[in-house]
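Engineer: Turn this into a model:
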Amino acid sequence: EPVTTTTRRRATPEDDARAGASAAAASSSSSSPPDDDDDDDEALDEALDLPVPVIVECAMLSALTSLLFHFANLLRVDAWFGALYPMPVIIAAARHGDRAGRRVMWVSTLLLFVISGVLRSTNYFFLHGAMAYALGFLWNRGKSWWWTIPIASIARCAGIFGSLTFSSLLLRENVMQLLVVQMYGLLDQIAANVGASFMPSIQWIWAIAVVFVFFNSFVYVAILHSVYTIVLRIVIPDKPDYVRAPERMKKILLAQQPEADARWAAGAGGGGAR
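Structural biologist: Below is the predicted model:
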């Protein structure tokens, strides 16, 4: 029988050089970091109008706003937290610009729509969200109280009438008309009890109601300005003059702050010495 023999060719130096070059190329391609991740991150940042950390912060502020508004309405203590509802939108606008404030406003409205229903979500948007965005928009442009208080008051009034209009459409009843009729009946009863011969017409009652809405909005916005002058200096320390309060109001509202800072500095110095 024929015997088949296999002969193995001896490796030459050229073969060893080719094998070493291919191994080096493979190791370099596996060890070099891919640039696709950086491209994906840049594409994600371009697709999202805000950076990812800012979006996370806006989501947390929106969740805080919606939960606070929901539980305050559920426990009937919403009047106690009236100054806190606009604050997350203003904080986001102060820290990251108008788009962040707008994002917090819309996401808070959507979260309230999910957990509380359409009526409370629209109430938040009309009564607090739009006014808070207007304040953040104006303060980001360095406007003084002479601009921010009237414009925010108008936004608040428009929100009140918008909320009443939406409630009327939802309930299929003119809520504002019911309020005016109740006021007219109350004044008629008071006039009959005191024996007065003069009774204002229904048009006068409408005018008085509108004036009271404007006055309530003006007082509410003025109180917000005073509260945020103090609170936002603590929440946003890198922008101590964000609210643009007049110098006289600063002296009234922040009169005790220099003394407190001096006492804190003295206590810290004494503690360090000890």
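
Engineer: which regions of the protein sit below the pLDDT cut-off?
Structural biologist: Within the chain, the segments meeting pLDDT under 70 span 1-48, 256-274.

Engineer: And the lengthiest helix in it, what's buried?
Structural biologist: Assignment by DSSP state H gives helix 202-235 as the longest helix of the chain. Across helix 202-235, burial judged by 16 or more other Cβ atoms under 10 Å covers 205, 213, 217-218, 220-221, 224-225, 227-229, 231-233. Heads up, the C-betas are built off the backbone N, CA and C, glycines and all.

Engineer: go on, stretch 169-188?
Structural biologist: So, applying 16+ other Cβ under 10 Å, buried residues of stretch 169-188: Val175, Met176, Val180, Met183, Tyr184, Leu187.

Engineer: Between helix 202-235 and the strand or helix carrying the last one, find me the angle.
Structural biologist: Assigned by DSSP states H and E, Leu187 belongs to helix 175-194. Relative orientation of helix 175-194 versus helix 202-235 (axes from the mean of the first three to the mean of the last three Cα atoms, to 10 degrees): 110 degrees.

Engineer: Pull helix 175-194 out as PDB, backbone CA atoms only.
Structural biologist: The C-alpha coordinates for helix 175-194 follow below in PDB (Å, rounded to 0.1, in the frame of the first residue of the first chain):
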ATOM      1  CA  VAL A 175     -69.100  79.500  37.400                       C
ATOM      2  CA  MET A 176     -68.400  83.200  37.300                       C
ATOM      3  CA  GLN A 177     -72.100  84.000  36.700                       C
ATOM      4  CA  LEU A 178     -72.900  81.800  39.800                       C
ATOM      5  CA  LEU A 179     -70.400  83.700  41.900                       C
ATOM      6  CA  VAL A 180     -71.800  87.100  40.800                       C
ATOM      7  CA  VAL A 181     -75.400  86.000  41.500                       C
ATOM      8  CA  GLN A 182     -74.400  84.800  44.900                       C
ATOM      9  CA  MET A 183     -72.700  88.100  45.700                       C
ATOM     10  CA  TYR A 184     -75.700  90.000  44.400                       C
ATOM     11  CA  GLY A 185     -78.100  88.000  46.600                       C
ATOM     12  CA  LEU A 186     -75.800  88.500  49.600                       C
ATOM     13  CA  LEU A 187     -75.700  92.300  49.100                       C
ATOM     14  CA  ASP A 188     -79.500  92.400  48.600                       C
ATOM     15  CA  GLN A 189     -80.000  90.600  51.900                       C
ATOM     16  CA  ILE A 190     -77.700  92.900  53.700                       C
ATOM     17  CA  ALA A 191     -79.400  96.000  52.200                       C
ATOM     18  CA  ALA A 192     -82.800  94.600  53.300                       C
ATOM     19  CA  ASN A 193     -81.600  94.000  56.800                       C
ATOM     20  CA  VAL A 194     -80.100  97.500  57.300                       C
END
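
Engineer: what distance separates that helix from the middle of the whole chain?
Structural biologist: From the chain centre to the centre of helix 175-194 is a distance of 39 Å (Cα atoms, centre = their mean, to the nearest Å).

Engineer: and it, what does it pack onto?
Structural biologist: helix 145-171, helix 202-235 (3 or more Cβ pairs under 8 Å, 6 or more residues apart in numbering; DSSP states H and E).

Engineer: Distance to Asn73 added to those helices, as JSON lines?
Structural biologist: Below are the helices and strands packed on helix 175-194 laid out as JSON lines (distance: least, Cβ to Cβ, whole Å):
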{"stretch": "helix 145-171", "distance to Asn73": "13"}
{"stretch": "helix 202-235", "distance to Asn73": "18"}
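
Engineer: which one of these lies closest to Leu68?
Structural biologist: Closest to Leu68 of the helices and strands packed on helix 175-194 is helix 202-235 (Cβ to Cβ; 15.0 Å).
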